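Novice: Below is the structure, and that's it, no one-letter string:
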RNA sequence: GACCCUAUCGUCUAGCGGUUAGGACACCGCCCUUUCACGGCGGUAGCGCGGGUUCGAUUCCCGCUAGGGUCGCCA
């Protein structure tokens, strides 16, 4: 393989919105990357910037040109550099023939545009996932968490988990754990928020019984523990004359003017008042029972926690006007918003709690690998743009950016996830396969701990890549872990014939005489026996498989025989002969 | 009812004014394989409709239609 002219990867975390290509330039130049505004506009071209000095042209990370280019991309002239502007040239500009060829782009773009805004250290991204503990984690919520996490990891920012447990009635410790476990299963680690279940950090302090504890400097991260903060903020609004008591509740004096919501994904959205809102634009922020409502606490927490980017489902887009008004009422500029599209049912309707596949837990139970689920979720509304489907999460982290997230809703395609899971199983290490397979077998009632570890591993090795779901493994390879197999009745009727009995007897004797019980010897032996009997190999293969596994389909026959070992195979053949007789 | 978002094969997507509209899942053939899979080759299938702008629109603009979201003392 040809040595790449570029260093492997920038060792620093790269701020929004630059791609790997830009990161490489930064590494080469020792420079700093700064945010641009129009990454989306320019398709697969990206500008890399060096604090008011130097820029270059790149294709996006997945572009083959990146790998094929034989020399570093051009830099713009000193004059342009001094002006603080960036040169943006089309890939068919004659200076970049390699890019042109690889990209097959035809359009030349020539744009001069200042893109340098703030120094990097002012761009400390802080994002949060703020679920309500309802007792389950919605797949859409999981993707929202994923996109937040991706953005935090891409920018080197902070990912915060906040539990919106204002609704005391349905809020339980178990419900919180569903969320923590779900995120943990997906591998989405958070920098601030509740302490993970079973974490050793629990020992640092002795938490008050029943009171959840948090990590991070902006806590607590449970809304139920932040009531003082809300009370103070409500008073602030009252003092400013922006909130007032109304029938026992507190209402916020909402602006009558349309509010522009700048959105990183959707663009600028001007939100007019609806007819009902025109009648009374003010809305309740504290209920008559004293409980603050979602809009209020959400804004206060984002404000207090220094959230810089709100990445959430598009179902919140209309509400964002209220949130922006609230931020302004507190005298603060709102964070940047990014509303990601929703995940719909296969029939295009909104996915609700009861719908098939809505709960993240179901994917664990049904035998999906978390890395496959994460990969699939990444592909819903985002694309690496290079025709790949299997994309390692680390690469997604490098490439992911908010402006490239699609704006339309996506339907959940279980078939594709199913396929992707199969791909992941095939690609994963054997160790990882055991790690996921053994608990799956246990869930199905097969306790592999009763068998020697080498046997279990060898058995599982013959199953890897054959099935797409771990939940299917029990049916497929369960015969390794039972005393006595159960014969498929239909197959038994077909294959356990008197004629086959004689053949199988002959095969058993031939097997018994084998000195080496390995797959190759077994295959030779079986074929030789078939030859002597004057039958096709299939005539022996099918009854043998049925006798040893009870099924018509399964792992490679010779390999499974080897794994079972001579004793078990003899035993099972004998039993089949008895049954046949 | 009002407000907001969206619109490429059945599904997920690439596409950023000139393409034989590319890939993947699913589906259908054939090959490989005496199980089941994997793999290989090929196929069916798409720019919602109507107006503009333009020499030229899948691509830009407007309208319509359709889908989704929001308008709570739910989150």
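Specialist: All right, it came through fine. No experiment lies behind these values; they were computed from the predicted model shown.
Novice: If you count neighbours, what's buried in stretch A:182-192?
Specialist: For stretch A:182-192, burial by neighbour count (16 or more other CB atoms under 10 Å) applies to A:182-186, A:188, A:190, A:192. Bear in mind the C-beta positions are built from the backbone N, C-alpha and C, glycine included.
Novice: and the two most separated of those?
Specialist: A:185 and A:192 (19.9 Å; CB to CB).
Novice: Quick check: the residue of the stretch 201-350 of chain A nearest RNA strand B.
Specialist: residue A:350 (2.8 Å; CB to the nearest atom of the strand).
Novice: Was I right to think that residue contacts residue A:314?
Specialist: No - taking CB atoms under 8 Å as the definition, residue A:350 is not a contact partner of residue A:314, at 11.3 Å.
Novice: Look at those two and report which has more neighbours.
Specialist: Taking other CB atoms under 10 Å, residue A:350 and residue A:314 do not tie; residue A:314 has more neighbours (17 against 12).
Novice: Would you mind confirming that the more buried one makes contact with residue A:339?
Specialist: Yes - if you go by CB under 8 Å, residue A:314 and residue A:339 touch, sitting 4.5 Å apart.
Novice: shared neighbours, those two?
Specialist: Counting by CB atoms under 8 Å, 6 or more residues apart in numbering, the contacts common to residue A:314 and residue A:339 are residue A:266.
Novice: Spatially central residue for chain A, please.
Specialist: In chain A, the residue lying closest to the centroid (CA atoms, centre = their mean) is residue A:374, at 2.0 Å.
Novice: picking that back up, which among the buried residues of stretch A:182-192 gets closest to residue A:472?
Specialist: For those, the nearest to residue A:472 is residue A:185 (19.6 Å; CB to CB).
Novice: what's the host helix or strand of that closest one packed up against?
Specialist: Per DSSP states H and E: residue A:185 is located in helix A:173-186. Packing partners of helix A:173-186 (3 or more CB pairs under 8 Å, 6 or more residues apart in numbering; DSSP states H and E): helix A:139-155, strand A:158-161, helix A:360-365, helix A:370-378.
Novice: what about 10 Å?
Specialist: Contacts defined by 3 or more CB pairs under 10 Å, 6 or more residues apart in numbering; DSSP states H and E place helix A:173-186 against helix A:139-155, strand A:158-161, strand A:193-194, helix A:360-365, helix A:370-378.
Novice: Any idea which of these gets closest to RNA strand B?
Specialist: Ranking the helices and strands packed on helix A:173-186 by proximity to RNA strand B (CB to the nearest atom of the strand) places helix A:370-378 first, at 8.1 Å.
Novice: Now do the strands in the stretch 151-300 of chain A.
Specialist: Assigned by DSSP state E, counting those that start in this stretch, the strands in the stretch 151-300 of chain A fall at A:158-161, A:193-194, A:214-215, A:243-246, A:249-252, A:259-263, A:267-271, A:283-286.
Novice: What lies in contact with the fourth one?
Specialist: Looking back up the chat, that one is strand A:243-246. For strand A:243-246, the surrounding residues in contact (CB atoms under 10 Å, 6 or more residues apart in numbering) are A:233-238, A:250-253, A:280, A:282, A:284-286, A:288, A:296, A:326, A:329.
Novice: measure residue A:137 to RNA strand B for me?
Specialist: Going from residue A:137 to RNA strand B by CB to the nearest atom of the strand, to the nearest Å gives 12 Å.
Novice: Now that residue: phi and psi?
Specialist: phi -110, psi 120 (degrees, to the nearest 10).
Novice: Could you find the closest non-adjacent residue to it?
Specialist: Closest residue in space to residue A:137, ignoring its immediate chain neighbours: residue A:182 at 3.9 Å, by CB to CB, 6 or more residues apart in numbering.
Novice: so what's the one you found up against?
Specialist: Shown in contact with residue A:182 (CB under 10 Å, 6+ apart): A:131, A:136-139, A:141-142, A:145, A:188, A:359-361, A:363-364, A:370.
Novice: What parts of the stretch 201-350 of chain A come near RNA strand B?
Specialist: Proximity of the stretch 201-350 of chain A to RNA strand B, by CB under 7 Å from any atom of the strand, involves residues A:246-249, A:266-267, A:269-277, A:283-284, A:287-289, A:291, A:293-295, A:314-319, A:341-342, A:344, A:346, A:348-350.
Novice: ok so, going back, thought residue A:140 was touching the residue of the stretch 201-350 of chain A closest to RNA strand B, still the case?
Specialist: Yes - with contacts counted by CB atoms under 10 Å, residue A:350 reaches residue A:140, the gap being 9.3 Å.
Novice: which residue sits closest to residue A:521 in space, ignoring its chain neighbours?
Specialist: residue A:514 is the one closest to residue A:521 (CB to CB, 6+ apart), at 5.7 Å.
Novice: Spell out the secondary structure type for that neighbour.
Specialist: Secondary structure, DSSP: H, G, I helix; E, B strand; the rest coil: residue A:514 is coil.
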